[in-house]
Every structure is written in C-alpha cells, then in structure tokens.
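Trainee: okay, here's the prediction I keep looking at, along with the sequence it came from:
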Protein chains: 2
Amino acid sequence: MIIKHYEDVSSAFIDNDVAKGVHGRVMIGKNDGAANFCMRVFEIDPGGHTPKHSHEWEHEIFIHKGSGAFLNNGRWADVRPGTAVFIPGNEEHQIKNKGNDTLVVICLIPKGVPEL
Amino acid sequence: MIIKHYEDVSSAFIDNDVAKGVHGRVMIGKNDGAANFCMRVFEIDPGGHTPKHSHEWEHEIFIHKGSGAFLNNGRWADVRPGTAVFIPGNEEHQIKNKGNDTLVVICLIPKGVPEL
C-alpha cells in the first residue's frame, strides 16, 4: 500500500502558449506499480486553464476543491467539488478556474499514454 | 462529455456482517462508455467501515472529505482530504471513518471486475 498526500508530491508547472497556471503531479503511476491506469492531481491557479485539445485516450476526472468550468461541445459547464466528469477519447476539452481559490482536480488516464 | 455530481447519483447502502455504514455509487463505469477503468464514490458514515478483504485487482483511491484510516499491513494509517492511496492487487485492506463527519473517498478499479 502506498499512501501520500498530493501536497507532499513535487509538481511540474505548466504555463505556456496554450495552458496557464497549471501545476501537475503524478500521484499513482507506473513507477508505483499501477499497471492499468494512472492518477494525477492538477492544481489550476485563479485565472488559469488547461489547453483546449483532444487525444485518443479518455479522462475520468473528479473535482476536489474550487470552482471551475469545462468546455463541453463549445459551451462552458460549471463544476464544483464532488463533480465527476467523463471525457471520452478524441473529444475536445478544456478546464478553467472560475474562482478566487486554487481549483484542484483528480484526473485519471489509461495505461500506455504520457503520465504528465 | 458526461458531468454529474456524486450527490445526484443514487447509492447502494452496504451494511452487513463485514461492512458498516457504507454508501457506494458508480460515477463513471461501463454504462457511461468507460472501457478501461471505473470510478466509484463511497461515503462511509461516522463509525462505519468497509470490509477487511483482498482481491486480485488494485485500487486507486483519493480522500475527498473527512477523516479516516486505512489498514496497512496490520496497522492503521491516518488519511485526510487530499491523500491518495494505491492498494496493489491481492493486498488485504480496510477503510474506517475516524471522524464525526461522513468520509468520502473516490475509488477506482480496472475493467472486468464488479463495479460495485
């Protein structure tokens, strides 16, 4: 059993032309012995957002803290702590922080794709 | 994209000889089109606990709310919101609520095993 808090795991800061204010961590991945799927935690700063993109693999997401919105078929849908989001493969998506606090989301991906 | 809050998903109540005060929900499963892994949310009432058991498949868990402990090699390890837990297949485990509020955990499993 591996037990760790996300605040104790080092993060990568992603801030570029397409993503703003995103801190990403692999929480449970292949280095932990996870053979089938991978858990990451993303913190998104107030005003920040992930890239608008799509890829072959799916996301299973859970909102832990904060107030955000997901781009869903060209419209923004609000999410709050306790909301789960399933994004099938090849579907365009983007997440933005709509609040004044950090948005914290858990995002899982299948094996065989980049963990971060 | 499928967006739903866990409080809006009906739950199954599990309270028997081996589990006490557990409310389980499938949030993202095969009926949603999730082909590779499944997200469940479990609420555990104050004083409640999951069964002490093991099975072939792994768990990837994230603590969303509350105060709990995980049985890990015969000893109880405390967890709090933001803690992630990886339980490899065939490892004995149990979760208990140590607090006065509901313990809410996200628990993911691979495809091909019972979703709840």
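Mentor: Arrived safely, thanks for sending. Note that the structure is predicted; figures quoted are calculated from it, not measured.

Trainee: need the longest strand for chain A.
Mentor: Looking across chain A with DSSP state E, the single longest strand is strand A:37-49.

Trainee: off-centre distance for that one?
Mentor: 4 Å (C-alpha atoms, centre = their mean, to the nearest Å).

Trainee: does that strand reach chain B?
Mentor: Yes: using C-beta under 8 Å from any C-beta of the partner chain, strand A:37-49 reaches chain B at A:37, A:39, A:41. Using the backbone N, CA and C atoms, a C-beta is placed for each residue, glycine as well.

Trainee: what does stretch A:56-67 give?
Mentor: Yes: using C-beta under 8 Å from any C-beta, stretch A:56-67 comes into contact with chain B via A:58, A:60, A:62, A:64.

Trainee: could you do stretch A:10-30 as well?
Mentor: Yes: using C-beta under 8 Å from any C-beta, stretch A:10-30 reaches chain B at A:27-28.

Trainee: list the contacts of that stretch.
Mentor: Residues outside stretch A:10-30 that contact it (C-beta atoms under 8 Å, 6 or more residues apart in numbering or on different chains) are A:2, A:4, A:6, A:9, A:34, A:38-53, A:97, A:106, A:111, A:115-116, B:60, B:62, B:84, B:86.

Trainee: kindly recompute the last result at 7 Å.
Mentor: Applying C-beta atoms under 7 Å, 6 or more residues apart in numbering or on different chains, the external contacts of stretch A:10-30 come out as A:4, A:6, A:9, A:34, A:38-45, A:47-51, A:115-116, B:60, B:84, B:86.

Trainee: in that stretch, what's buried?
Mentor: For stretch A:10-30, burial by neighbour count (16 or more other C-beta atoms under 10 Å in any protein chain shown) applies to A:11, A:14, A:19-29.

Trainee: ok, the residues you listed vs B:E92, which is closest?
Mentor: Using C-beta to C-beta, A:I28 comes nearest to B:E92 of these, at 18.7 Å.

Trainee: what distance do you get for that closest one to B:F37?
Mentor: The gap separating A:I28 from B:F37 is 12 Å, by C-beta to C-beta, to the nearest Å.

Trainee: give me the number of residues near A:E7?
Mentor: Close neighbours of A:E7, defined as other C-beta atoms under 10 Å in any protein chain shown, add up to 11.

Trainee: touching, it and B:P81? I think so.
Mentor: No: using C-beta atoms under 7 Å, A:E7 makes no contact with B:P81, being 10.6 Å away.

Trainee: so what touches stretch A:63-74?
Mentor: Contacts for stretch A:63-74 (C-beta under 7 Å, 6+ apart): A:52, A:76-83, A:85, A:93-99, A:101-106, B:1, B:3, B:64.
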